[in-house]
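*Asks:* Everything below, folded, please.
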Amino acid sequence: MDSVTLRPFRADDAPWLVERHGTLYAEAEGFDDSFAPLVAEILGAFIADHDPTCEQGWIAEEAGHRLGSIFCVRLNETTAKLRLFLLVPEARGKGLGRRLLEACMGFARAAGYRDMQLWTHESHRAACALYVSAGWHLTDSKSVRSFGVDLVEQTWKITL
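*Replies:* Numbering: from 1, shown residues only. Next comes the predicted model:
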C-alpha cells in the first residue's frame with residue numbers, strides 16, 4: 001500500500017462513491033436501494049456547502065484506481081464528524097484504513113476541533129476494532145431497522 005496516495009475529494013468522485021457505497025453495502029449487509037441516495041445527498045451537501053478550512057474529504061487512490069474515502073465535516077464549533085469511511089474489499093487489511101483515519105483525525109486537530117464523533121453499525125467489526133485501537137469510545141448503541149434490514153447503530157467519540 002506504499003503506492004497508495006491520499007488526495008482531496010473532488011466532485012467527480014461523487015458518482016463512484018455513491019455507486020460503491022450502494023453496491024458494497026447491498027452485498028455485505030443486504031441494504032436496500034435507499035442507502036445510495038442518502039450517500040448522494042451527503043455528498044451533494046458537501047460539494048455545495050463545505051468550508052475547506054474546517055471540512056475535508058479524501059480519496060485513497062493507487063495507479064488511478066480509487067480504493068476508499070473518508071470525510072471530516074463540522075458538527076458544531078468544537079466537534080467534527082467522521083463520515084463516508086469506505087474501503088473497497090481488495091484494499092482492506094493492509095493498513096489503509098488506519099492511514100485514512102489518521103489523516104482525518106489529524107486534519108480535525110489542525111482545524112481546531114476538540115473532539116470527533118461518528119455513526120456506524122455494529123456489524124462493521126474491523127472498523128470498530130480500528131476505532132478502539134485509535135482511542136475512540138462507544139457512547140451509544142441501539143437496535144433499528146434501516147435500509148431494509150435490522151441493524152445495531154453505534155455512536156463513537158474521541159477527544160482530540
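*Asks:* Any buried residues in the helix or strand of the chain with the lowest mean pLDDT, and which?
*Replies:* Sorted by mean pLDDT, DSSP states H and E, the helices and strands of the chain end with helix 125-133, the least confident at a mean of 92. Neighbour-count burial for helix 125-133 flags Ala127, Cys128, Leu130, Tyr131 (criterion: 16 or more other Cβ atoms under 10 Å). Bear in mind the C-beta positions are built from the backbone N, C-alpha and C, glycine included.
*Asks:* Leaving aside the residues adjacent along the chain, what's closest to the last one?
*Replies:* The reference is to Tyr131. Trp156 (5.3 Å; Cβ to Cβ, 6 or more residues apart in numbering).
*Asks:* Ok, the first one next?
*Replies:* If the residues on either side of it in the chain are set aside, Ala127 comes closest to Thr120, at 6.2 Å by Cβ to Cβ, 6+ apart.
*Asks:* Dead centre of this protein: give me the residue that sits there.
*Replies:* In the chain, the centroid-proximal residue (Cα atoms, centre = their mean) is Phe85; its distance is 1.9 Å.
*Asks:* can you give me phi and psi for the residue located most distally from the centre of the chain?
*Replies:* Most distant from the centre of the chain: Ala63, at 21.8 Å, with distances by Cα atoms, centre = their mean. Ala63 has phi and psi values of phi 50, psi 40 when expressed as degrees, to the nearest 10.
*Asks:* and it, what does it touch?
*Replies:* Counting by Cβ atoms under 8 Å, 6 or more residues apart in numbering, Ala63 makes contact with Ser3.
*Asks:* Also Asp140?
*Replies:* By Cβ under 8 Å, 6+ apart, the neighbours of Asp140 are Glu153, Gln154, Thr155.
*Asks:* give me the number of residues near Leu151?
*Replies:* Per other Cβ atoms under 10 Å, the neighbour tally for Leu151 reads 19.
*Asks:* List the contacts of it.
*Replies:* If a contact means Cβ under 8 Å, 6+ apart, then Leu151 has Glu29, His121, Glu122, Ser123, Ser143, Val144, Arg145 as its contacts.
*Asks:* could you measure it against His137, distance?
*Replies:* Going from Leu151 to His137 by Cβ to Cβ, to the nearest Å gives 20 Å.
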